[in-house]
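Colleague: Okay, here's the prediction I keep looking at, along with the sequence it came from:
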Amino acid sequence: MISLQNVSKLYESQSVLKNISLSVGKSEMVYITGPSGAGKTTLLKMIYLAEWPDEGEMTIGDFHLSFWDSKLGWEVSKSDISQCKPFKITDIPYLRRDIGIVFQDFKLLPNRTIFENIALALRVRDEKESEIKSLVSEALKRVHLRHKADSYPRTLSGGEQQRIAIARAIVTKPQIILADEPTGNLDWDTAAGIWRLFGEINLSGCTMLIATHNKDVFTNSGKRVFYLDSGELAKEVVG
Ligand SMILES: Nc1ncnc2c1ncn2[C@@H]1O[C@H](COP(=O)(O)OP(=O)(O)OP(=O)(O)O)[C@@H](O)[C@H]1O
Ligand SMILES: [Mg+2]
C-alpha cells in the first residue's frame, strides 16, 4: 500500500532523509519513532506530497512515482494504467484522495462548525449534500461525537478536537491514514482513547502509518516499528 525505495530528501542542500526504503502492507499499522529532528514528519510529508523527495521511488495507494530526470522531475503511473506520465503539481489532489491525515495540533478551522470542518473534504470533491450529511454523520458516530455537530472547535476539549480531526480524516474512506504525533498535546487517559480509536480504524481495513515518541504505544503492540535516526532508517523491530 505504501512503499519507499531509496528515498532521499534535502533541505537547503542538507540531507534530512537518507536512502530510506520501507514498505507498509495493506491494512497494516506501523509506527515511526526516533529522536526529535530525526525526519519523522518529513517522511510523512513526502508520503502525502507536502514535501517532495529528491531521489527514489514511492508507491502510495494506487500510484507509483519514480524519479525521472533532474530537469524533468518525476513521473507517475497508476496501477490500472501501464503508461507513465510526467508528474504535475495538479496531480497532487488526486494522489491525496486515498490519504487521511491527523496532526498533533488538530488543524481544525476555528470559524466553522464541527460538521463543516468534517464536510469540507467532501465538498471539495463535489459530493451531493445528502451524501455529505450521511457520511459526516457516520464519521461522527465512529468517534462518538455525533452530538457535537453544531459546536465550534474552541468549545471542545483537546481529546474531542482530535477525535473530530480523526473523523475528518476518515470521512472520505481513505485507504491510508497518516498521523504525526497525534497524542502529543493530550494527557495520558485522553491519549489512550485516541489510540483505541486508531486500533478500531485499522481493524476496519485502513493502512496506518503513525509517527510517535510514545514508546508505551508500540511496546508489546505486535506491530512493526521503524526507528529513524539523523535521517536514516536505523532499525526496524516488532514492538
Ligand atoms: N522546511 C524546512 N526547512 C529546512 N529544514 C527543515 C524543514 N523542515 C524540517 N527541517 C529539518 O529537517 C530535519 C527533520 O525534521 P522533522 O521535522 O522531519 O523531524 P522529526 O523527526 O519530525 O522531529 P520531531 O520529533 O521534533 O517532530 C530537522 O533537522 C529539521 O530542522
Ligand atoms: Mg515531527
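Modeller: Noted; the coordinates are in hand. Ligands and ions are numbered 1, 2, ... in the order given.

Colleague: Output the contacting helices and strands for the biggest helix by length in the chain.
Modeller: When the chain is scanned for its longest helix (criterion: DSSP state H), the result is helix 188-203. Applying 3 or more CB pairs under 8 Å, 6 or more residues apart in numbering; DSSP states H and E, one finds that helix 188-203 contacts strand 29-33, helix 129-142, helix 158-170, strand 176-180, strand 207-211. Yep, even glycine has a C-beta here, placed from its N, CA and C like the rest.

Colleague: how far out from the middle of the chain is it?
Modeller: Chain-centre distance of helix 188-203: 15 Å, with CA atoms, centre = their mean, to the nearest Å.

Colleague: Just the residues contacting that helix, thanks.
Modeller: 27, 29, 142-143, 157-159, 162-163, 166, 170, 177, 179, 182-183, 186, 208, 210, 214, 217 (CB atoms under 8 Å, 6 or more residues apart in numbering).

Colleague: where do the helices sit along this protein?
Modeller: Using DSSP H, helices in the chain cover 40-47, 92-95, 114-123, 129-142, 158-170, 188-203, 215-218.

Colleague: and the residue in the chain positioned nearest to ligand 2, how many neighbours?
Modeller: At 3.2 Å from ligand 2, Thr41 is the closest residue in the chain, using CB to the ion. Per other CB atoms under 10 Å, the neighbour tally for Thr41 reads 19.

Colleague: Pretty sure it sits against Thr212.
Modeller: No - if you go by CB atoms under 8 Å, Thr41 and Thr212 don't touch, sitting 11.5 Å apart.

Colleague: which residues does Arg96 contact?
Modeller: Contacts of Arg96 by CB under 8 Å, 6+ apart are 48-49.
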